[in-house]
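Undergrad: Okay, sequence plus prediction incoming.
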Protein chains: 2
Amino acid sequence: MTTPTDLTISGKRATLADVAREVGLSPSTVSRALDPGRSSMVNSATRERIMEAAGRLGYRPDVQARSLMTGRTQTIAVIAADLGNTWVTPIVHGIASRVSVEGIVPIIAETNDDSAVLANLIDHMLSRRVDGMIILAARLPDAAVISSAARIVPLVVAARGLPAVDVPSVTVDDRLGGEVVAEHFADLGHQVVAQLMGPPDVSNFSLRREGFSAAAKRRGLRELPILGEAALPTQEEGRRLMHQLLTDATGRPTAVFAQNDPMAVGAIVALRELGFAVPDDISIAGSNDMPLTEVLTPGLTTVRYPGWEVGHAAAAVAIRLLDRAEHVDSVILDPVLVPRASTTAPLGAATLAGGENVD
Amino acid sequence: MTTPTDLTISGKRATLADVAREVGLSPSTVSRALDPGRSSMVNSATRERIMEAAGRLGYRPDVQARSLMTGRTQTIAVIAADLGNTWVTPIVHGIASRVSVEGIVPIIAETNDDSAVLANLIDHMLSRRVDGMIILAARLPDAAVISSAARIVPLVVAARGLPAVDVPSVTVDDRLGGEVVAEHFADLGHQVVAQLMGPPDVSNFSLRREGFSAAAKRRGLRELPILGEAALPTQEEGRRLMHQLLTDATGRPTAVFAQNDPMAVGAIVALRELGFAVPDDISIAGSNDMPLTEVLTPGLTTVRYPGWEVGHAAAAVAIRLLDRAEHVDSVILDPVLVPRASTTAPLGAATLAGGENVD
DNA sequence: CTGCGACCTGCAAGCGCTTGCAAGGAGATG
DNA sequence: CATCTCCTTGCAAGCGCTTGCAGGTCGCAG
């Protein structure tokens, strides 16, 4: 370090003025010389001197101060319901990947699914003058809050569509996700099927239900009525619903669609407890393609949820928005079925007896 | 909205001066009235008027501008190697939880394990005047870079200790993590054990190795020599190493410690391919307690890695640091063994089907 | 020799907020 | 009634940077 100034933690950093003084020029000139966009305005010899001095003093532009003038902070807020949710991570990852190439950096916060917190957070982020905002919510956030925020700052909703509000969103076609599972069951030759329903106020689940039911009907499958809903889309609830289904249903399905992977795992656990074999007695499919689902026994048939892509696309939309695009269309990505060992063609009815005597 | 001003996207937001004008006071007074810490300086009646006007105008303080004066941006940088890594997520989550209660918000970025990128990112974050920095790296980051950054900004390294550099860190005792597995094997009565080694330049793995070997020796177990190392700590590499172990080793272990869960899964896959039963022929333990390891068949014995706690503690250390604490001690958290079905007492030599006669 | 761009550089006015200091007024005190 | 204090409020000077505008120099054509 050739820096003459104190480098301790409290030592002041070099400012534009320091550099200017060092080379005997005005701050304006230094400012221009250091900005690649305007450095052509300054004599190249001077520019050299300035850059040399800047380097020597360890000058680093102050992004805060700059943004005060320019109005851009080069930050984007990412507001998630719960960072602990497995589906959130890849989305955040995708966002970070996309924005980082623009020199924009994501600021993250979580709402814990509390809409008051969400409103506060939006407010806080506006205070921070973020250039854009991406909201990641499973449940429907307060539409009024969202749309009023959208009027102030470029905003995109990811993972969750917002019907009837003119805010661009990036979602996965959950309806299609349900359909492909039903199609898969039909292709395998199943006739009687059922769903294990997640919390219905989360659109992802209700859309999967719709898609599954519609495709099942189209393919002439008999779908047993949905007996109950999971309070949370967890393994425990999946297990509970599977028990309920086998106890109370008016018929027995040969294939069951659990609306996410943890619930599917719970369903498999339940079946095992009751002495049924998966997939021989009952096929099970889940959704999301969580890590390790492939190595479960049996490997879980599931629907891959392209989280990274959602994040990437959401960031791209946000960027287009803050580049003053008038209107940007929402993006809908396709989920894709990943068939594995937990689904297979149904055996004859005979083998379905209480579970003993398979094979 | 009673706001008379334009609310379109380009409309200016209300500033302190606007509020001051509205109530006919100076900006200074308004500033004081709105800061809970100094609002006692202003007459309570005036304060009421100010707050009312602020609310009416939809005034929101500009954090950027404020930080220009105060020198604090209320942000903390979180620099991770790769947001896609499963162990990173809970740490980030823990960090967010801790800092949010201080009104601090995390800014995240990833290095892709590239130390040039790391240096740039640190620079960039300094430009943004972050109040503190938390570095999450699996591999040893350049110590010079780290320690010079630490001189400028409160910095803590998480998940990874930094020997010989005076920078506080928050880590999990990986050595102990290895020990508890060896102890567990010994308690079950195993005599011949082995490890599947992860990339040795990642300290977590080399420490696990040390711990395991030391404890094994202490308990009188025979540990087969480590034949090779994983290029990456993945399932595929775990599978490869397990094959290699059974082919080349001078003896056959009855229990194997795979240094993380994906490798353990790979090991199980390999054993299944070779016709060995887990845990009856060979017990397998992993490390990290990833989601779903519990429902694998067999449930995977593993070592729980307290990621959320690491993040939380790292944030706490950082906060103490930026509150001008002179020196803050590093934190070391204890991993804990989660015994499940993939480990059991060894059977007699006779039952070791594929293997002729170990023991 | 005058005039006119082209090219560089500096001035000064902010961006929206904080804060040390001083000033004004109202009570309180001797 | 003069003096002192406490309580409120305003002034003004920034924090570190950008930017419209003006001023200066120089080369060159008229």
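TA: Yes, it's here.
Undergrad: element containing the residue positioned nearest the centre of chain A, please.
TA: The centre of chain A sits closest to residue A:91, judged by CA atoms, centre = their mean, with a distance of 3.6 Å. Following DSSP states H and E, one finds residue A:91 within helix A:88-100.
Undergrad: May I have that helix as PDB, with CA atoms only?
TA: Extracted in PDB, the C-alpha atoms of helix A:88-100 (Å, rounded to 0.1, in the frame of the first residue of the first chain):
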ATOM      1  CA  VAL A  88     -37.600 -20.400  -2.900                       C
ATOM      2  CA  THR A  89     -33.900 -21.000  -3.100                       C
ATOM      3  CA  PRO A  90     -33.500 -21.800  -6.800                       C
ATOM      4  CA  ILE A  91     -35.600 -18.800  -7.700                       C
ATOM      5  CA  VAL A  92     -33.400 -16.500  -5.700                       C
ATOM      6  CA  HIS A  93     -30.500 -18.100  -7.300                       C
ATOM      7  CA  GLY A  94     -31.900 -17.500 -10.700                       C
ATOM      8  CA  ILE A  95     -32.600 -13.900  -9.900                       C
ATOM      9  CA  ALA A  96     -29.100 -13.300  -8.600                       C
ATOM     10  CA  SER A  97     -27.600 -14.800 -11.700                       C
ATOM     11  CA  ARG A  98     -29.600 -12.600 -14.000                       C
ATOM     12  CA  VAL A  99     -29.200  -9.300 -12.200                       C
ATOM     13  CA  SER A 100     -25.500  -9.600 -11.400                       C
END
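Undergrad: Would you tell me whether the helix or strand just after it gets close to chain B?
TA: Note on helix A:88-100: by DSSP H and E, the next helix or strand toward the C-terminus is strand A:105-110. Yes: judged by CB under 8 Å from any CB of the partner chain, strand A:105-110 and chain B are in contact via A:105, A:106, A:107, A:108, A:109, A:110. Every C-beta, even on glycine, is put in place using the N, C-alpha and C of the backbone.
Undergrad: And the residue of the stretch 151-300 of chain A that's closest to chain B?
TA: At 3.5 Å from chain B, residue A:297 is the closest residue in the stretch 151-300 of chain A, using CB to the nearest CB.
Undergrad: ok, the closest residue to that residue other than its chain neighbours to DNA strand D distance?
TA: The shortest distance from residue A:297 to any non-neighbouring residue, by CB to CB, 6 or more residues apart in numbering or on different chains, is to residue B:297 (3.5 Å). Separation of residue B:297 from DNA strand D (CB to the nearest atom of the strand, to the nearest Å): 60 Å.
Undergrad: Assign residue B:297 to helix, strand or coil.
TA: Secondary structure assignment for residue B:297 (DSSP: H, G, I helix; E, B strand; the rest coil): coil.
Undergrad: What of residue A:317?
TA: Residue A:317 ends up helix, using three-state DSSP.
Undergrad: got the contact list for it?
TA: A:156, A:168, A:170, A:328, A:330, A:331 (CB atoms under 8 Å, 6 or more residues apart in numbering or on different chains).
Undergrad: and it, what pLDDT?
TA: At residue A:317, the pLDDT value in this model is 96.
Undergrad: and the gap between it and residue B:72?
TA: Going from residue A:317 to residue B:72 by CB to CB, to the nearest Å gives 33 Å.
Undergrad: all helices of chain A, in order?
TA: A:16-23, A:27-34, A:44-57, A:63-70, A:88-100, A:115-127, A:143-152, A:174-188, A:203-218, A:235-248, A:261-273, A:307-322 (DSSP state H).
Undergrad: May I see these arranged in JSON lines, with distance to residue A:301 as well?
TA: As requested, those are exported to JSON lines (distance: least, CB to CB, whole Å):
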{"stretch": "helix A:16-23", "distance to residue A:301": "60"}
{"stretch": "helix A:27-34", "distance to residue A:301": "57"}
{"stretch": "helix A:44-57", "distance to residue A:301": "58"}
{"stretch": "helix A:63-70", "distance to residue A:301": "48"}
{"stretch": "helix A:88-100", "distance to residue A:301": "20"}
{"stretch": "helix A:115-127", "distance to residue A:301": "35"}
{"stretch": "helix A:143-152", "distance to residue A:301": "35"}
{"stretch": "helix A:174-188", "distance to residue A:301": "7"}
{"stretch": "helix A:203-218", "distance to residue A:301": "14"}
{"stretch": "helix A:235-248", "distance to residue A:301": "15"}
{"stretch": "helix A:261-273", "distance to residue A:301": "9"}
{"stretch": "helix A:307-322", "distance to residue A:301": "19"}
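Undergrad: ranking the ones you listed by mean pLDDT, which is last?
TA: Across these, the lowest-scoring stretch is helix A:143-152, with a mean of 89.
Undergrad: by contact count, what packs against that one?
TA: Judged by 3 or more CB pairs under 8 Å, 6 or more residues apart in numbering or on different chains; DSSP states H and E, the packing partners of helix A:143-152 are helix A:115-127, strand A:155-158.
Undergrad: so the longest one versus helix A:143-152, what angle?
TA: What it means is helix A:115-127. 10 degrees (axes from the mean of the first three to the mean of the last three CA atoms, to 10 degrees).
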